[in-house]
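> model this:
(2 chains)
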Amino acid sequence: MEPKVDIEERLRPLMIRSLAGDADAHLQLLSALGGHLRGYFSRRIGTGASEVEDLVQETLLAVHLKRDTYDRALPFSPWAYSVARYKLIDHLRRRHRRVHVPLEDAGVLFAADDTEERAVQTDLKRLLERLPERQRTLLEDVKLQGLSIEEAARKRGVTAVSARVMLHRTLKWLNRAWHDENG
Amino acid sequence: MRTADLIALLARDARMTPPGAPTRKLLTALAAGGAVTLALVVLGLHSQPLEAAARQPWFWMKASYTGLLTVAAAITVRRLSVPGTRAGLAPAAALLIVLAMIALGTGQVLAASPAGRLGLWLGHTWKVCSPLILLLALPIYACEVIALRALAPTRPALAGAAAGLAAGALAATFYGLHCPEQAAAFVATWYTLGITAAAALGAVLGARLLRW
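Numbers count the residues shown, from 1 in each chain, chains lettered A, B, ... in the order given. Take a look at the predicted model:
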């Protein structure tokens, strides 16, 4: 088990930089968290890889959208663990499963690191198909073609600011749609 | 969609995020909801002017009780509004404030002559007091729910209860401007009942509304 202090030393500075608007730090943080989440959820629900991957994606989206609830003065791992545990409980409750998830030390989230993503169909793909044309093309430009927001905006003839706003709204919509659909 | 693609997408949405969002959002909610409730008390219930109320010691008795309770409840809401933070001592403080008020009210009843006890306890407005406090709490609670939905309470029912408690206590503080009752026994019973009802309703609604 990786000592917790290393996690703090590695992830907390990344989180602080990401809150300052550093996209590269944000990417590194979410990638590292993704591996830990996959390990944690796999051990907790065990079953199907697609269910685990759905949960990983939903939690990463929540970490992203709720990141302003992290207090920079506090350690990062309890915050991240609490988000992960909440998402796990919410997920199990929606599927009417036994919802006892023990409250453990935040270290359990970081006990395993499973960076190997399985090739599975996730709920997110289905939700993306429900997006209006304009939003879906923006997402695809950014996601599949790896364009920056500015490039994608230029390609579609909109301002970078409105493309940015559209991306953010789409992410929020995805989060809500995910929840409503499984609610 | 692959998780790696999602992460790349999220990284594109990185931006400067100013600190202090939870406190700011919740204070804004209390201010906005409180303004609506205060307007309802002043315009709807035709309360006495603040200067007149402020000269009456029993107004301050009521306002200290509900004001302190508002602060303890608001701190609890703030702590429950984000992941990884425990509720801390604020809920215990809220409980102590209520118990102290009940002790004060009980003492007053016991010290009164047996003939006067029922009058102290029921006053003239006991039938309307609790329901009005509950109704006046609703605008504040609604604003808190909007703020909490933008935050991340990991215990929705508990956060909802704390939000209801804060809404009820703040509503009761404003209701005290209108309310003519002067007895501690009255306040300890009917104010507390209205505030508790707001907390209970807050818990029930919170369990549904505050999931994210």
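> Skip the chain neighbours and tell me the closest residue to the spatially most central residue of chain A.
Closest to where the C-alpha atoms of chain A average out (CA atoms, centre = their mean) is A:Leu60, at 0.9 Å. Among residues not flanking A:Leu60 along the chain, A:Leu30 sits closest, at 5.5 Å (CB to CB, 6 or more residues apart in numbering or on different chains). Quick note: C-beta positions are derived from backbone N, CA and C, even for glycine.
> Check which helix or strand the one you found maps to.
helix A:23-45 (DSSP states H and E).
> mind exporting that helix as CSV, just the C-alpha atoms?
C-alpha atoms of helix A:23-45 as CSV (Å, rounded to 0.1, in the frame of the first residue of the first chain):
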residue,chain,number,x,y,z
ALA,A,23,-5.0,22.3,-17.8
ASP,A,24,-1.9,20.1,-17.7
ALA,A,25,-2.1,19.6,-14.0
HIS,A,26,-5.8,18.9,-14.3
LEU,A,27,-5.1,16.2,-16.8
GLN,A,28,-2.4,14.6,-14.7
LEU,A,29,-4.6,14.7,-11.6
LEU,A,30,-7.6,13.2,-13.2
SER,A,31,-5.5,10.5,-14.9
ALA,A,32,-3.9,9.5,-11.5
LEU,A,33,-7.3,9.6,-9.8
GLY,A,34,-8.8,7.5,-12.6
GLY,A,35,-6.4,4.6,-11.8
HIS,A,36,-7.1,4.8,-8.1
LEU,A,37,-10.9,5.0,-8.6
ARG,A,38,-10.8,2.0,-10.9
GLY,A,39,-8.9,0.0,-8.2
TYR,A,40,-11.2,1.1,-5.4
PHE,A,41,-14.5,0.5,-7.3
SER,A,42,-13.3,-2.9,-8.6
ARG,A,43,-12.6,-4.1,-5.1
ARG,A,44,-16.0,-2.8,-3.8
ILE,A,45,-18.4,-3.9,-6.5
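> still on that earlier bit, tell me the contacts of the residue nearest to A:Leu60?
For A:Leu30, the contacting residues are A:60, A:63-64, B:7, B:10-11, by CB atoms under 8 Å, 6 or more residues apart in numbering or on different chains.
> For the residue nearest to the centre of chain A, pull up the helix or strand it's in.
For A:Leu60, the enclosing helix or strand under DSSP H and E is helix A:49-65.
> Off-centre distance for that helix?
Mean-position distance between helix A:49-65 and its chain equals 5 Å (CA atoms, centre = their mean, to the nearest Å).
> what's the answer for stretch B:59-72, then?
With CA atoms, centre = their mean, you get 10 Å for stretch B:59-72.
> buried residues in that stretch?
Buried residues in stretch B:59-72, counted by 16 or more other CB atoms under 10 Å in any protein chain shown: B:59, B:61-63, B:65-72.
> Secondary structure, distance to chain A and pLDDT for the residues you listed - can I get that in TSV?
Shown next, in TSV, are these (DSSP: H, G, I helix; E, B strand; the rest coil; distance: CB to the nearest CB, whole Å; pLDDT from 0 to 100):
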residue	secondary structure	distance to chain A	pLDDT
B:Phe59	helix	37	89
B:Met61	helix	37	92
B:Lys62	helix	35	94
B:Ala63	helix	32	95
B:Tyr65	helix	31	97
B:Thr66	helix	28	98
B:Gly67	helix	27	98
B:Leu68	helix	25	98
B:Leu69	helix	25	98
B:Thr70	helix	23	98
B:Val71	helix	20	98
B:Ala72	helix	20	98
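> can you give me the angle the helix holding A:Leu30 makes with helix A:49-65?
Angle between the axes of helix A:23-45 and helix A:49-65 is 140 degrees (criterion: axes from the mean of the first three to the mean of the last three CA atoms, to 10 degrees).
> surely the residue nearest to the centre of chain A meets A:Leu33?
Yes: at 6.7 Å, A:Leu60 and A:Leu33 qualify as touching, with contact defined as CB atoms under 8 Å.
> Once you drop chain neighbours, what's closest to B:Trp190?
B:Trp190 sits nearest to B:Cys129 (CB to CB, 6+ apart), 4.0 Å away.
> Equivalent analysis for A:Arg130, please.
A:Ala177 (7.0 Å).
> In terms of secondary structure, what does the helix or strand containing that neighbour contact?
Using DSSP H and E, A:Ala177 sits in helix A:160-182. On a contact count with 3 or more CB pairs under 8 Å, 6 or more residues apart in numbering or on different chains; DSSP states H and E, helix A:160-182 meets helix A:49-65, helix A:123-129, helix A:133-143, helix A:149-156, helix B:3-12.
> so which of the ones you listed gets nearest B:Gly84?
Across the helices and strands packed on helix A:160-182, B:Gly84 has its closest neighbour in helix A:49-65 (12.0 Å, CB to CB).
> and A:Leu139, how far is that from chain B?
Per CB to the nearest CB, to the nearest Å, A:Leu139 is found 7 Å from chain B.
> quick one: buried residues of the helix-or-strand element of chain B with minimal mean pLDDT?
When the helices and strands of chain B are scored by mean pLDDT, DSSP states H and E, helix B:50-54 comes last with a mean of 79. Residues of helix B:50-54 classed as buried by neighbour count (16+ other CB under 10 Å): B:Ala53.
> Thank you, goodbye.
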